[in-house]
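Enquirer: Turn this into a structure:
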Amino acid sequence: MRAAPIAVTLSLLVLAACSPSVPDSGNVVYLEPVSPEARAARNAALQGTSGRGTVGLEPVAGSTTAVSSTPGAVGNDTTYTGAAPAQITHVTPPAVAVEQVEARPVPSRPSTGAPSVVGFALDTSHPVGQSVYARSNPSAERAARACARYASDDLAQAAFLNAGGPERDSAGIDPDGDGYACTWNPERFRKAIR
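Expert: You can find the predicted model right below:
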């Protein structure tokens, strides 16, 4: 029973030791203006036009520093005395050389002799379901079983065209005779070129 209060006390001590200390919010913020020479040197170094490897900001000699009027506050309630504070300037990066490359024609794809699914879609204009080719013994059940063998409708259409489609349908995957196997739809290919 005495172990629980000791464990609680130790864990509170550990948490107190681990907690970050709160900074003193009563500190005064000092801002010193930067001389025009130091600003020019910094800009030259940032743009890569000087031989100096480091960038330094030097305060203007004899200027009065800017002091925050409210402890811990920087921004809206800050008053400045003496010279103007340092200004942030926009630095333009140096120009980069651009190499002009001559345009070359796109290489042609080798022809395999097999019908192209995309080419077939673009060569046809009739909608899905419109009977264009005669089919003997069309069966929707047979077509559903045959279409289930293909991973996608594009593969089914490619196999259909390679087997003599759209005129012949030996696999029975185009029972309505529209020339489109399974649920393949050529419209997405047609829309791509519009």
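
Enquirer: and the protein, what are its domains?
Expert: 29-91, 117-192 (automatic domain parsing).

Enquirer: mean pLDDT for these: which is lowest?
Expert: Among these, domain 29-91 carries the lowest mean pLDDT, a mean of 59.

Enquirer: just the strands in the chain please.
Expert: Remark: strands assigned in the chain by DSSP state E are 30-31, 66-68, 78-79.

Enquirer: avg pLDDT for stretch 96-110?
Expert: Stretch 96-110 comes out with an average pLDDT of 80.

Enquirer: hang on, Gln157 packs against Val117?
Expert: Yes: using CB atoms under 8 Å, Gln157 is in contact with Val117, at 5.1 Å. No exception for glycine: its C-beta is placed from N, CA and C like everyone else's.

Enquirer: And for Phe160, nearest residue in space, chain neighbours not counted?
Expert: Ala181 (3.8 Å; CB to CB, 6 or more residues apart in numbering).

Enquirer: So the one you found sits against Leu155, correct?
Expert: No: if you go by CB under 8 Å, Ala181 and Leu155 don't touch, sitting 9.4 Å apart.

Enquirer: higher neighbour count, these two?
Expert: Ranked by neighbour count (other CB atoms under 10 Å), Ala181 and Leu155 place Ala181 first, with 29 against 15.

Enquirer: how close does that one get to Glu167?
Expert: Distance of Ala181 to Glu167, computed by CB to CB, to the nearest Å: 13 Å.

Enquirer: before we move on, what about Glu102?
Expert: Applying CB to CB, the value for Glu102 to Glu167 is 46 Å.

Enquirer: and if you look at Pro186?
Expert: Counting by CB to CB, the gap from Pro186 to Glu167 is 17 Å.

Enquirer: ok, these two, which is more surrounded?
Expert: Pro186 (22 against 10).

Enquirer: Straight-line length of stretch 164-179, end to end?
Expert: End-to-end distance of stretch 164-179 (CA to CA, to the nearest Å): 11 Å.

Enquirer: now stretch 120-134
Expert: 18 Å.

Enquirer: and what of stretch 184-194?
Expert: Terminal-residue distance, stretch 184-194 (CA to CA): 19 Å.

Enquirer: in that stretch, what's buried?
Expert: Buried positions in stretch 184-194, judged by neighbour count with 16 or more other CB atoms under 10 Å: Trp184, Pro186, Phe189.

Enquirer: As a markdown table, the residues you listed with distance to Pro175 would be great.
Expert: Output for these, formatted as a markdown table (distance: CB to CB, whole Å):
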| residue | distance to Pro175 |
| --- | --- |
| Trp184 | 13 |
| Pro186 | 17 |
| Phe189 | 22 |
